[in-house]
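Q: how would this look folded up:
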Amino acid sequence: MNNTLNATACSEDLRLSFASTRLEFILMGWIFPAQFCIGVLGSIINLSVLLSKNMRNRANDLLSGIAFADIGYLLCLLPQSLAIHEFFATSVFFRTVYFASKMHLNGLINWFLAMAMWLIFAVTIERLHGIRSPLRSRMYWNRQTMVMLFLVVITATGLLTAYHHFAFDCSTFVRMACDRAKQILIHVCVDVTKAWPHNSSNLTNPHSVFFKNLIRFSSVFSAFIVGVIPITAVACLNIALIYQLHKRKAQPLIRGESKWRRDVTLLLRQERRITVIVVTIVTSYTLTQGLPAIVYLWQLFNQDTRIETIFFLNNITCLCNSLMITGKASNLFLYCMCSKNFRNEILLMLQKLLPRNIVRKLPRRYLPVVTIESDAEDIRLTSVRRQTASDYR
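A: The predicted model follows:
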């Protein structure tokens with residue numbers, strides 16, 4: 001219901017800024033661009049490594065899905081950041097396009113958040129199973145199972161967050177200054193479940209009681225299914241995962257023939273490395289998305305309409321959103337910090353991209369040393385020789 005109406009009243013003070021508070025202006029206008037660049041570039045690098053031949057396993061496939069969701073989330077936030085700046089805020093074309101898509105961008109943002117959260121839940125379960133049964137976990141799933149899992153997560157989260165596209169009625173007004181020197185588009189959105197305030201056109205809420213109750217139920221149901229339940233479950237599973245990790249680490253080596261013992265030891269070490277990465281990523285997601293979920297529930301059930309309360313909630317929401325964005329932007333650093341194989345894969349990628357004369361001059365410590373590969377039925381350790389200057393002559 002995006003309608004463009006001509007307002008009869010003029011305005012001397014046209015409020016063009018999209019920032020509701022000074023804090024939002026700073027966080028979204030100036031800090032977010034850096035978070036966006038780091039987050040998108042980091043997620044692209046993560047995808048390049050996680051989807052490489054040497055890194056393919058079930059956990060990494062799920063982590064790749066999370067990286068895709070993070071990229072979509074950051075891209076949907078970009079117009080909101082651009083709208084903070086005067087160049088875009090005063091552009092009639094930008095305001096027209098932004099107003100027409102703002103509500104749907106909000107729906108997509110929540111969709112990507114829900115998708116990432118449930119994929120985090122799935123990868124935590126996979127790792128818990130993997131650390132308990134290392135041999136079975138090395139069996140790579142078939143394509144149908146993988147596609148079905150992703151389709152279920154994408155479809156279910158899309159349906160759960162679809163109400164965001166219908167939760168508000170929005171109208172666009174053409175406002176003019178009293179000297180008729182300039183005009184600007186003003187966007188007004190009202191909650192379809194509430195009485196419409198400041199209604200100068202004497203319009204009444206046209207939606208049925210059933211539709212209002214459906215939106216109310218969807219918002220509460222989605223908050224628990226997409227936010228509270230998966231975050232709580234992931235936190236509990238993460239604790240169990242850490243316990244299993246310590247328990248596995250304390251177990252003695254399996255007795256038997258030397259080569260078999262060596263292979264099993266390598267497998268257990270690799271499982272621990274993968275699990276450490278997952279535990280780190282899951283902990284980051286739980287901390288950075290748990291607090292915003294609590295604040296969202298607070299806003300959902302808040303009945304205090306005082307200006308001071310609304311202003312306070314807006315600032316808290318801005319801080320929580322910035323924390324969540326920071327968590328998504330830091331994934332590349334977490335991967336590199338926790339996994340030597342991940343760092344080796346990045347170095348291999350850089351060596352392929354850099355000119356050979358630069359690669360020859362790289363110190364030996366920046367060259368990959370060893371990678372571990374495994375397939376469905378046997379485990380093998382393959383040494384990757386150092387790619388020194390002689391490799392490129």
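Q: Quick check: Ile186 is in a helix.
A: No - read with DSSP: H, G, I helix; E, B strand; the rest coil, Ile186 is strand and lies in no helix.
Q: right, and it touches Thr172 too?
A: Yes - counting by C-beta atoms under 8 Å, Ile186 touches Thr172, with 7.2 Å between them. Just so you know, the C-beta spots here come from the backbone N, C-alpha and C atoms, and that holds for glycine as well.
Q: Run a quick neighbour tally on Asn315.
A: 16 (other C-beta atoms under 10 Å).
Q: If you could redo that for Thr286, that was the one I meant.
A: As a burial measure, Thr286 scores 21 neighbours (other C-beta under 10 Å).
Q: Equivalent analysis for Leu75, please.
A: Leu75 has 16 neighbours, counted by other C-beta under 10 Å.
Q: do the same with the one 10 residues further on
A: Residue neighbour count, defined by other C-beta under 10 Å, stands at 17 for His85.
Q: Spit out the contact partners of it.
A: Gly29 (C-beta atoms under 8 Å, 6 or more residues apart in numbering).
Q: And for Thr124?
A: Neighbour list for Thr124: 234, 237-238, 241, 278, 282 [criterion: C-beta under 8 Å, 6+ apart].
Q: now it, nearest residue through space, not along the chain?
A: Leu237 (4.4 Å; C-beta to C-beta, 6 or more residues apart in numbering).
Q: For whichever strand or helix holds that neighbour, list every residue counted as buried.
A: Using DSSP states H and E, Leu237 sits within helix 229-250. Neighbour counts over helix 229-250 (16 or more other C-beta atoms under 10 Å) mark 230-231, 233-235, 237-238, 241-242, 244-245 as buried.
Q: and what of stretch 30-37?
A: With burial defined by 16+ other C-beta under 10 Å, the residues of stretch 30-37 counted as buried are 32, 35-36.
Q: is it possible to export the residues you listed to JSON lines including distance to Arg306, secondary structure and pLDDT?
A: Listed next are the buried residues of stretch 30-37 as JSON lines, based on distance: C-beta to C-beta, whole Å; DSSP: H, G, I helix; E, B strand; the rest coil; pLDDT from 0 to 100:
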{"residue": "Phe32", "distance to Arg306": "29", "secondary structure": "helix", "pLDDT": "95"}
{"residue": "Gln35", "distance to Arg306": "32", "secondary structure": "helix", "pLDDT": "95"}
{"residue": "Phe36", "distance to Arg306": "34", "secondary structure": "helix", "pLDDT": "96"}
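Q: Reformat those residues as a markdown table; add distance to Val226.
A: Shown next, in a markdown table, are the buried residues of stretch 30-37 (distance: C-beta to C-beta, whole Å):
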| residue | distance to Val226 |
| --- | --- |
| Phe32 | 23 |
| Gln35 | 23 |
| Phe36 | 23 |
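Q: ok, so of the contacts of Thr124, who is nearest Ile346?
A: The closest of the contacts of Thr124 to Ile346 turns out to be Val278 (C-beta to C-beta; 18.6 Å).
Q: residues contacting the residue lying closest to Gly29 once chain neighbours are set aside?
A: The shortest distance from Gly29 to any non-neighbouring residue, by C-beta to C-beta, 6+ apart, is to Ile84 (3.7 Å). Shown in contact with Ile84 (C-beta under 8 Å, 6+ apart): 17-19, 24-25, 28-29.
Q: which among those gets closest to Ser64?
A: Nearest member of these to Ser64, counting by C-beta to C-beta, is Met28, at 27.8 Å.
Q: Look up how far Asn344 lies from the closest one.
A: Note on Met28: its distance to Asn344, by C-beta to C-beta, to the nearest Å, is 37 Å.
Q: These two - which one has more neighbours?
A: Using other C-beta under 10 Å as the criterion, Met28 and Asn344 rank with Met28 on top: 24 against 19.
Q: if I read this right, the more buried one contacts Gln80, doesn't it?
A: Yes - Met28 lies in contact with Gln80 (C-beta under 8 Å); the separation is 6.2 Å.
Q: Show me where this structure dips below the pLDDT cut-off.
A: Residue ranges of the chain with pLDDT under 70: 1-17, 133-141, 173-184, 195-203, 248-271, 356-393.
Q: ok, which stretches of the stretch 101-250 of the chain are helices?
A: Remark: helices assigned in the stretch 101-250 of the chain by DSSP state H, counting those that start in this stretch are 134-137, 143-160, 209-222, 229-250.
Q: Same check on the stretch 251-393 of the chain?
A: In the stretch 251-393 of the chain, the helices defined using DSSP H, counting those that start in this stretch lie at 258-301, 307-329, 331-338, 340-353, 356-360.
Q: Out of those, flag the one nearest Leu41.
A: helix 331-338 (7.8 Å).
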